[in-house]
Structure formats: structure tokens, C-alpha cells
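Student: turn this into a model:
(4 chains)
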Number of protein chains: 2
Amino acid sequence: MEPLEIEKLTIGQMARINHVSEQTLRLYDRMGILKPNDINKQTGYRYYSIRQCAHLDMIQYMKSMGMSLDMIKEQLGKGDVIMFREVLQHQLRHLDKKIKELKQIQEAVKRSIINYDRYLSAPPDGIITTEFIHGRKIYCYSIDFNFYDQEIEVYELILQKLKSHIRLNNLSMNAYYNVGNIIRKPYVEERKLYSDEIFLFINDDFFLEDIEFIPAGLYVCIYCDSNYKERDYTLRLLEYIDHNGLTVTGDYLCEVVAELPVFKESGRNMYIKLQIPVKY
Amino acid sequence: MEPLEIEKLTIGQMARINHVSEQTLRLYDRMGILKPNDINKQTGYRYYSIRQCAHLDMIQYMKSMGMSLDMIKEQLGKGDVIMFREVLQHQLRHLDKKIKELKQIQEAVKRSIINYDRYLSAPPDGIITTEFIHGRKIYCYSIDFNFYDQEIEVYELILQKLKSHIRLNNLSMNAYYNVGNIIRKPYVEERKLYSDEIFLFINDDFFLEDIEFIPAGLYVCIYCDSNYKERDYTLRLLEYIDHNGLTVTGDYLCEVVAELPVFKESGRNMYIKLQIPVKY
DNA sequence: ACTTTACTTTATACTAACTATAAGGTGTAT
DNA sequence: ATACACCTTATAGTTAGTATAAAGTAAAGT
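Tutor: As a prediction, this is how the structure comes out:
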């Protein structure tokens, strides 16, 4: 360790022992947060006193609690002890909020990875499978026309509406990517493509009114790599049911398995799973 | 809701339905992240297709997971599906680290508030009290000279060394503000001010080797609003012990109760509590 | 057709808390 | 005397936008 002259630390020494950069110290000087003890009028060299480390410590401590330099300057300049406590309390609430936000994001990333793996291991496009699917909870959102009467572009408008709805009702955006549409059992039985609802899958810990439960059971499914094909594939699924003499036992669901990164800007690029509950 | 021409959304409409600002869309255009579908050569007006909402969604989704715009541009441009999963995994670890950091800061703020309250309710400077104090854990750090032989300015140098030590050993900076110095029992019994160790109080959940346990017991204490007075007040405490015929039962501790915001840049401004365990 | 209003364009500057660089002056050791 | 480490200021870059100005355009009302 270099020998230090305790009352005349150069900017470099001050920076080194406090683990900040010289530029940072110059910035603090210019901002009036920490002025050097002494400045040589001729050369402009800054000289700090070792005692100023305490001040710098305080700055770093306040900074570590998420305060801005302006706030710090204000607090240090004012010196109101009671006020300082309030600032700390406020900081505490702020941190709480931030941690919650990050945790939500983390949940979203985790679910995204799961979806991704589901996509990678999913049967190829166009294949009809019979699967046992566990019970799920969904939140339905009504639209004022038949989804299948419209051009596929209208899908975007519906999504926008749903997003606004979620925003307005302060619902968590977490579930957003697990969206789908539903055809109620009577229409399925009539072989009629009629849907005026879209839905979101809901996590168990995400509580909300108006949640519907989709029971576990056997489903015939078909996977599909573009929502332009949905209509066609749904008809295939219904044909399969008729051909095999199955009985429809509930609502049809079109579930988005994965929304893929859109590489070309030409529209949604998704892998969807069309499913109808049946019994033999 | 205004009527929208699905294939020719102006920048304002596009901004509104996606809840971003027009400037943001212009920025994305300039950065090449999201180019409008069509630009009028004469007027320069940007026109977006409703299908581009999907692209914007993806951008916001990736952003919500903490990716920078540059990363997003790279990912969208490259279109590597497997790579995307890795990016998500990386993001997950990154978020974990950030959450941990925030929690640590939160702990620090909480302790700071407690210290503050302790300070506000503490007896005034110079008063000698007798207190029962609970058991505590400390981490000691040796220095190579007698603390009391030095000018008080050397305290700063010791703190710097301690900070470096903590940093080098990857210890949590959490405990930093609860620092103090210790005089071992034999020296106290000899009424000699000799200390070559400083210590940090350690939370229960902060595990580490070389932790010492300071037992619970009765202490005579004196509070002190400046470390310039420590020597003097320690002598007063020893006099008090002699005068009342008490027996010293352990090490002397000088504990920093609160490090106050340093309002003037003239040095540390702290409230300390000097304490010696005794029996009658 | 004319005006008003709402909307669009570009360019520039600002935010926060630094970091990086250039061009030039200073301190000290050999 | 000179090499080298260090210091100075000034300027620009970073991120992901926001704010503003000055000027051009579209649409609606009259």
C-alpha cells in the first residue's frame, strides 16, 4: 500500500481507497455533493482530507438505498434528522414494490421457458392426438361478434382490447401470452364455428372473480403452426370425431402453446393446440 | 373508439392501441427494431399495419424480461430459436441476482431505521447507565497497532482497510454500519486503553467462520455523540466502576449506535455507546 | 375554397449517473 | 533532463426514452 498523506489525498488516492472512479469524484465536486477540502489555485489539483471519506460513505450508503444524487444532495444539505427517517421509510416501500415487480417478471420468464419446452416437444403440425389433460382455470372475455366471421387481422384488435381490459382492471399482465379462444359445447355439438369469447389461462396463485374451471379429461387435439390454419384444422378435428363416433363432452379450446419470437415483421408466428374433450 | 383502417395505422393510432408513445415508435424505426409497413415518400408519414402489433408485443415482452433494445434487435434479427431459450435462462439468473441485491438493500434500510430509532430514544450524551444486554455475535478484524495510540483520523484508514477486507472476502456489506472497537478483558482490568481489533456485529442469518459470541449480561454504559470524546468517556466509565466497586467480567465494546447523515463535510458524526460488562 | 384543429415530420436537447477519450499541464523519481 | 504517472478541463457516449421547437400535412367544419 502506498503511503498516504492523511490531509492531502489526491483524487486518485481518494478514488482508490473508496473504490469509486476519479470521474465520479469530479462529478460530485461539480454537482456540489462533495467538494474537495482544498484546491490548489495554480494547478487546479483537488486535495481531499481523509475525514471526507465519512461524507463519501454516507453518499454511497444513501445511493445503495436507491436515492438519486439530487435527493442525496438535498438531504445532506438540509440535515433534517426526522425527515431522513421518513425518506428511509419511503425507500423501504419503494424497494418492496421493485422486488415484487422483479418477481413477477421472473415468473413470466419461467413460464415462457416452460412454454418453449412444450413447443419443442410438441407433436408436429397437423397431427391428431388423443391426450389426457389436467384441469385448468381460465378467465373469459366477451367480444361482440363471432370471431370466426372475421378476417384473421381482427384478432389483433381483440388482443388490443383485451390488453386494455387487463390494464384497466389492474390484472396482472403475467398471463398474457397464454391466450386462446373458446367455442361452447352446444355450438361444437352443432358443428358450428361460433365464438364470442377469448380467454386467458390463470395461474393457481392468481385469484380473480369470474374464473371458470375447465375439468380434466380426455381430449382429441390437433397442433397447428399458424392461426391462419385454425378454421381448417378445427374442421378436421370435428371430422375425426364424427368418423370415430366420439361424443363431445365440453367446450372446444384453441390454446396458444408458444408465441414465437417474430423474426419477420409479417405477423404473429405461433404454435397452437386445438382441443375438444370427448368420450368413447 | 375511432375507426381504424387496419392496414394504414398512423403513428398516433399505433401508439395509442399499443400504449407506447409516438416518440418511442420513431425511435424503434430509427434503430431498425420496428420499421413501419409503409412510408409515404412525399410526406414522410409512417403507416403501420395492424399485424405489426405482434412484433411490438414481442419487443415489449422481451423488454419486460429485462433485455436491452440492442439485445432485442439482435435476437429478432437472428431468429435462433434455441438461442432464445438460452437468453431466457440467462435472464432468469440475472433476475435472481437482482432480487437478492434488492433484498439485501432492504435489510440494510430496515436496520438503518432501527438504528435511527435506537438513537432517538437513547440516553443523552455523557450519562452513565446500567443495562442488561442480550447476547450478540461479532466478527473481529485485527489491525497492527494500538487504536488508542493514534490520532482519530487513523480511524478512517482502518475503516477503509476493513471495507477492502470485506470486499475481498465477499462478505455482505450489510453489517458495515454496525462497526465498533473492542478492548479485551485483561487490558480493561489493568485500566489500559489498548485495542488492536475492530469488529462488526453479525446478523443471525449471516454465517461466517471466526465469529465470536459476546454473552448476555449486565453492562455499565455511557453514550457519546462524538468519537473524539471516546477516550475521555471510557476513562469516566472505568472511574465509575472503581468508585462503585464493580468487577469487570468481559471485554469492553465501543458500539456505533447510529451513523448520522453527515451534514457538514467535517468528519464522522456518530452516536456511540461505550459498554463494559460487570458484576456487583 | 378557406380556416381551424389535430396530427405529422425532423432535429435538437434533456434525463441519470456515470464512463471514455483527447489534449494538455504537473509532480516526482531516476 | 526526461520519462512516467498523474492531474486538469472539455467533450461525447451510454440507455431508453421524453420534451420541445419549427415546419409541413390531413381532415373536418364553415
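
Student: okay, and the helix or strand of chain A with the least pLDDT?
Tutor: helix A:154-168 (a mean of 78; mean pLDDT, DSSP states H and E).

Student: okay, now residue A:67: neighbour count?
Tutor: Look at residue A:67: counted by other Cβ atoms under 10 Å in any protein chain shown, it has 20 neighbours. (Glycine included, C-beta is placed from N, CA and C.)

Student: thought it was touching residue A:84?
Tutor: No: here residue A:67 lies out of contact with residue A:84, judged by Cβ atoms under 8 Å, at a distance of 10.5 Å.

Student: now do the shared contacts for these two.
Tutor: Residues touching both residue A:67 and residue A:84 (Cβ atoms under 8 Å, 6 or more residues apart in numbering or on different chains): residue A:75.

Student: assumed residue A:233 was part of a helix.
Tutor: Yes: counting by DSSP: H, G, I helix; E, B strand; the rest coil, residue A:233 falls inside a helix.

Student: and it, what does it touch?
Tutor: A:126, A:222, A:224, A:274.

Student: ok, the closest residue to DNA strand D within chain A - contacts?
Tutor: Per Cβ to the nearest atom of the strand, residue A:12 is where chain A lies closest to DNA strand D, at 2.6 Å. Neighbouring residues of residue A:12 by Cβ under 8 Å, 6+ apart: residue A:22.

Student: host element of it?
Tutor: Remark: residue A:12 resides in helix A:11-18, with elements defined by DSSP states H and E.

Student: send the alpha carbons of that helix over as CSV?
Tutor: The C-alpha coordinates for helix A:11-18 follow below in CSV (Å, rounded to 0.1, in the frame of the first residue of the first chain):
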residue,chain,number,x,y,z
ILE,A,11,-8.1,12.5,-6.4
GLY,A,12,-6.6,9.2,-7.5
GLN,A,13,-5.8,8.2,-3.9
MET,A,14,-9.2,9.2,-2.7
ALA,A,15,-10.8,7.3,-5.5
ARG,A,16,-8.7,4.2,-4.8
ILE,A,17,-9.3,3.9,-1.1
ASN,A,18,-13.1,4.5,-1.6
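
Student: now it: mean pLDDT?
Tutor: For helix A:11-18, the per-residue pLDDT values average out at 92.

Student: do that helix and DNA strand C meet at all?
Tutor: No: Helix A:11-18 is not in contact with DNA strand C by Cβ under 7 Å from any atom of the strand; minimum separation 9.0 Å.

Student: can you give the distance from whichever helix or strand comes after that helix to the centre of its chain?
Tutor: Moving toward the C-terminus from helix A:11-18, the next helix or strand (DSSP H and E) is helix A:22-31. Taking Cα atoms, centre = their mean, to the nearest Å, one finds the center of helix A:22-31 at 37 Å from the center of the full chain.

Student: list the buried ones in the helix holding residue A:12?
Tutor: A:11, A:13-18 (16 or more other Cβ atoms under 10 Å in any protein chain shown).

Student: Throw the residues you listed into JSON lines and include distance to residue B:233, thanks.
Tutor: Shown next, in JSON lines, are the buried residues of helix A:11-18 (distance: Cβ to Cβ, whole Å):
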{"residue": "A:11", "distance to residue B:233": "36"}
{"residue": "A:13", "distance to residue B:233": "33"}
{"residue": "A:14", "distance to residue B:233": "31"}
{"residue": "A:15", "distance to residue B:233": "35"}
{"residue": "A:16", "distance to residue B:233": "34"}
{"residue": "A:17", "distance to residue B:233": "29"}
{"residue": "A:18", "distance to residue B:233": "29"}
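
Student: from those, which are also near chain B?
Tutor: By Cβ under 8 Å from any Cβ of the partner chain, the members of the buried residues of helix A:11-18 lying near chain B are A:17-18.

Student: domains in chain A, as residue ranges please.
Tutor: A:9-78, A:80-121, A:125-279 (automatic domain parsing).

Student: wait, which of the ones you listed is closest to residue B:186?
Tutor: Closest approach to residue B:186 among the domains of chain A is made by domain A:9-78 (31.5 Å; Cβ to Cβ).

Student: next, the distance between the ends of that closest one.
Tutor: The first residue of domain A:9-78 is 27 Å away from its last residue (Cα to Cα, to the nearest Å).

Student: over to residue A:50. Which of the three states is it?
Tutor: Applying three-state DSSP: residue A:50 is coil.

Student: which ones are touching the closest residue to residue A:167 other than its chain neighbours?
Tutor: Using Cβ to Cβ, 6 or more residues apart in numbering or on different chains and skipping the chain neighbours, the partner closest in space to residue A:167 is residue B:19 (7.1 Å). By Cβ under 8 Å, 6+ apart, the residues touching residue B:19 are A:163-164, A:167.

Student: which of those are buried?
Tutor: Neighbour counting by 16+ other Cβ under 10 Å classes residue A:163 among the contacts of residue B:19 as buried.

Student: show me the strands in the stretch 151-280 of chain A, by range?
Tutor: Ranges of strands within the stretch 151-280 of chain A are A:179-183, A:197-201, A:211-214, A:217-224, A:247-248, A:252-259, A:270-279, based on DSSP state E, counting those that start in this stretch.

Student: same question for the stretch 1-150 of chain A.
Tutor: A:9-10, A:38-39, A:46-48, A:128-133, A:136-142.

Student: turn these into a markdown table, including mean neighbour count and distance to DNA strand C.
Tutor: Formatted as a markdown table, these follow (neighbours: other Cβ atoms under 10 Å in any protein chain shown; distance: least, Cβ to the nearest atom of the strand, whole Å):
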| stretch | mean neighbour count | distance to DNA strand C |
| --- | --- | --- |
| strand A:9-10 | 20 | 8 |
| strand A:38-39 | 14 | 12 |
| strand A:46-48 | 21 | 10 |
| strand A:128-133 | 13 | 45 |
| strand A:136-142 | 16 | 27 |
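
Student: mind putting these into JSON lines with distance to DNA strand D?
Tutor: Below are the strands of the stretch 1-150 of chain A laid out as JSON lines (distance: least, Cβ to the nearest atom of the strand, whole Å):
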{"stretch": "strand A:9-10", "distance to DNA strand D": "3"}
{"stretch": "strand A:38-39", "distance to DNA strand D": "7"}
{"stretch": "strand A:46-48", "distance to DNA strand D": "3"}
{"stretch": "strand A:128-133", "distance to DNA strand D": "38"}
{"stretch": "strand A:136-142", "distance to DNA strand D": "27"}
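
Student: for the spatially most central residue of chain A, which residues are in contact?
Tutor: Nearest to the mean C-alpha position of chain A, by Cα atoms, centre = their mean, lies residue A:105 at 4.2 Å. Residues in contact with residue A:105, defined by Cβ under 8 Å, 6+ apart, are B:64-66, B:95.

Student: pLDDT at the residue of chain A positioned farthest from its centre, what is it?
Tutor: Using Cα atoms, centre = their mean, the residue of chain A lying farthest from its centre is residue A:42. It sits 56.0 Å away. Looking at residue A:42, its pLDDT reads 91.

Student: how far away is it from residue B:182?
Tutor: For residue A:42, the distance to residue B:182 equals 46 Å [Cβ to Cβ, to the nearest Å].

Student: repeat that for residue A:116.
Tutor: Distance, residue A:116 to residue B:182, using Cβ to Cβ: 55 Å.

Student: neighbour count winner among those two?
Tutor: Remark: of residue A:116 and residue B:182, residue B:182 carries more neighbours, 22 against 18, as counted by other Cβ under 10 Å.

Student: got JSON lines for the contacts of residue A:105, with neighbour count and pLDDT too?
Tutor: Below are the contacts of residue A:105 laid out as JSON lines (neighbours: other Cβ atoms under 10 Å in any protein chain shown; pLDDT from 0 to 100):
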{"residue": "B:64", "neighbour count": "16", "pLDDT": "79"}
{"residue": "B:65", "neighbour count": "20", "pLDDT": "76"}
{"residue": "B:66", "neighbour count": "17", "pLDDT": "76"}
{"residue": "B:95", "neighbour count": "20", "pLDDT": "82"}
